[in-house]
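Undergrad: sequence first, then the predicted structure, then my questions.
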Amino acid sequence: MAGKVLNKVMGFLGLEDEYEYEEYYEDTDELENSNESAEFEPIIHSNKKQGKVVSIHSTSTPKVSIVKPKTYDEVVDICDDLKDGKIVIVNSIELDPKVGQRLVDFVSGATYSLNGTLEEIEKGIYILSPSNVEVDSELKNQLSSKGMFSWNR
């Protein structure tokens, strides 16, 4: 009985004799003698994530949503617009600074999870773009210099 316990402990620790469990098989010619041949299909595993296929030549233009939230509760609507593939411009200037920071933190996480981008155009004004939209820094400079965001002034 002590031998069995010792063998189990050694097996658990990986210290058992490897040759103890090896079995030798006699060569069989069953497959060679039979008229049937074995067919195998290789199983291919890939660690790559299958990306979402998006048409490059789409004729639809992205929609833009401009939001000036009054409370933190409007963050859900902002994230829903982003999930729908809209470009969202958020003006958080009139919010309490702590509430505005919470809103930006939440929206930042949502944008990241959707593979989008969040960029600050001016102090308190952010542009959230989905993964299929790229915002050029030259465009940001034009928007802020031309006074596009007149609600800030």
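TA: Everything's here; your move.

Undergrad: hey, what's residue 64 bridged with?
TA: Each beta-bridge partner of residue 64 is listed here, defined by DSSP bridges: residue 87.

Undergrad: ok, it - how many residues close by?
TA: Per other C-beta atoms under 10 Å, the neighbour tally for residue 64 reads 13. For every residue, glycine as well, the C-beta is placed using N, CA and C.

Undergrad: ranges for the helices of the chain?
TA: With DSSP state H, the ranges of helices along the chain come out as 2-13, 30-33, 75-83, 97-113, 137-145.

Undergrad: the third one vs helix 97-113, what angle?
TA: Going back to what we said before, that points to helix 75-83. With axes from the mean of the first three to the mean of the last three C-alpha atoms, to 10 degrees as the basis, helix 75-83 and helix 97-113 are set at 30 degrees to each other.

Undergrad: would you mark the buried spots in helix 75-83?
TA: Buried residues in helix 75-83, defined by neighbour count with 16 or more other C-beta atoms under 10 Å: 75, 78, 79, 81, 82.

Undergrad: just for this protein, where's the confidence low?
TA: Low-confidence segments of the chain, defined by pLDDT under 70, span residues 1-3, 14, 16-38, 40, 42-60, 137, 139-153.

Undergrad: can you do 50?
TA: Under the criterion of pLDDT under 50, the regions of the chain flagged as low confidence span 153.

Undergrad: list the contacts of stretch 100-108.
TA: 69, 72, 75, 78-79, 82, 90, 92-93, 95, 118, 124, 126, 128 (C-beta atoms under 8 Å, 6 or more residues apart in numbering).

Undergrad: again with stretch 64-77
TA: With C-beta under 8 Å, 6+ apart, stretch 64-77 has contacts from 78, 81, 86-92, 94-95, 99, 102-103, 106-107, 151.

Undergrad: just to revisit the earlier point, looking at the contacts of stretch 100-108, state which has the most neighbours.
TA: residue 90 (28 neighbours).

Undergrad: before we move on, the earlier item: buried subset of the contacts of stretch 64-77?
TA: 78, 81, 86, 87, 88, 89, 90, 91, 92, 95, 103, 107.

Undergrad: what's near enough to touch the fifth one?
TA: It stands for residue 88. With contact set as C-beta under 8 Å, 6+ apart, residue 88 has these partners: 64, 65, 66, 67, 78, 81, 82, 127, 128, 129.
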